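# Give me coordinates for this.
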Amino acid sequence: MKTLLIRPGAIGDCIVSLPALEHLRSEYTEVWVRFANQPLVRFADRVDSITATGLDLVGIQTPARTMDRLAQFDRIISWYGTRHEEFRAAVRHLPFTFYDPLPRDAARHAVDFYAAQVGAPDGLIPRLPVGEVARRESVVIHPFSGSARKNWPLARFRELAAALPGPVEWTAGPEEPLAEATRFDDLYELARWLAGARGYIGNDSGISHLAAAVGVPVVALFRHDNAAVWSPRPSHVRLVNDETEISALFPLFGPGWGAAGPRAKED
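Purely as a prediction, here's the structure:
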């Protein structure tokens, strides 16, 4: 069976969907995702970006090359186009199954939501294998996210970094303003670099999900009431909010990391 899986969305959306996507793997599996997320899909026989395939034009111009390619699959599972009538009409003769792209239950974790859609069990944990990596003693801080309202102020992250009892490295995306940041064009290379760190601290962001997926101890700051749905979920992850004493979680990073640090509360 030839299976096509289509999963739009940002970094975190892709990562929390990985267990569901892997559950759907068949003799031949192709996955179409956002361009930046391509390196995160390691199990498929082929991975393409939604834009490169021309899928985003279906229902508008409907490229023949895209329709010919879609016709090669025995089943197509899509979180793309679910609510777009023009798209669904253009592909109605093809073996599409559409799923809601966003969880509707505020009490159910996103991983379980997507798993249930495809018949996978609850309790799965997104994993991203990265092989052997060079180990470092540093804690990585990523002080940004996809929304400014989710971010702890950068000045507070700097205060926290100064209080940490060990070395700190910073990372940021291509357009995030941080002069001292280590940056990567490829998310898989970023994942391998994160996996070598002693720990990670960040906001409610896709990079926090990435750090959790490679197994590094994570402290993630959630400033809004969506942690039950969107938080990274492994046992090596600790969630904090504006009232949490972050320093109480430093021992997660190992011996010698119990020094005092600032409260997460913004002044």
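# Helices along the stretch 1-150 of the chain, start to end?
11-23, 50-53, 64-70, 85-90, 110-117 (DSSP state H, counting those that start in this stretch).
# tell me the most buried of these?
Among the helices of the stretch 1-150 of the chain, ranked by average contacts under mean count of other C-beta atoms under 10 Å, first place goes to helix 11-23 (a mean of 23). Where C-beta positions appear, they are placed from N, C-alpha and C, glycine not excepted.
# What are the contacting residues of it?
Outside of helix 11-23, the residues within contact range by C-beta atoms under 8 Å, 6 or more residues apart in numbering are 5, 7, 9, 31, 33-34, 36-37, 40-41, 43, 79, 101, 109-111, 114-115, 117-120, 124-128, 187, 205-210, 213, 230.
# And it, how far out from the chain middle?
8 Å (C-alpha atoms, centre = their mean, to the nearest Å).
# show me what contacts the closest residue to Cys14 other than its chain neighbours?
Spatial nearest neighbour of Cys14, chain neighbours left out: Asn37 (4.3 Å); criterion: C-beta to C-beta, 6 or more residues apart in numbering. For Asn37, the contact set (C-beta under 8 Å, 6+ apart) comprises Arg7, Gly9, Ala10, Ile11, Cys14, Leu187.
# among the contacts of helix 11-23, which ones are buried?
Listed as buried from the contacts of helix 11-23 are 5, 7, 9, 31, 33-34, 36-37, 40-41, 79, 101, 109-111, 114-115, 117-118, 120, 124, 126-128, 187, 205-210, 213, 230; burial here means 16 or more other C-beta atoms under 10 Å.
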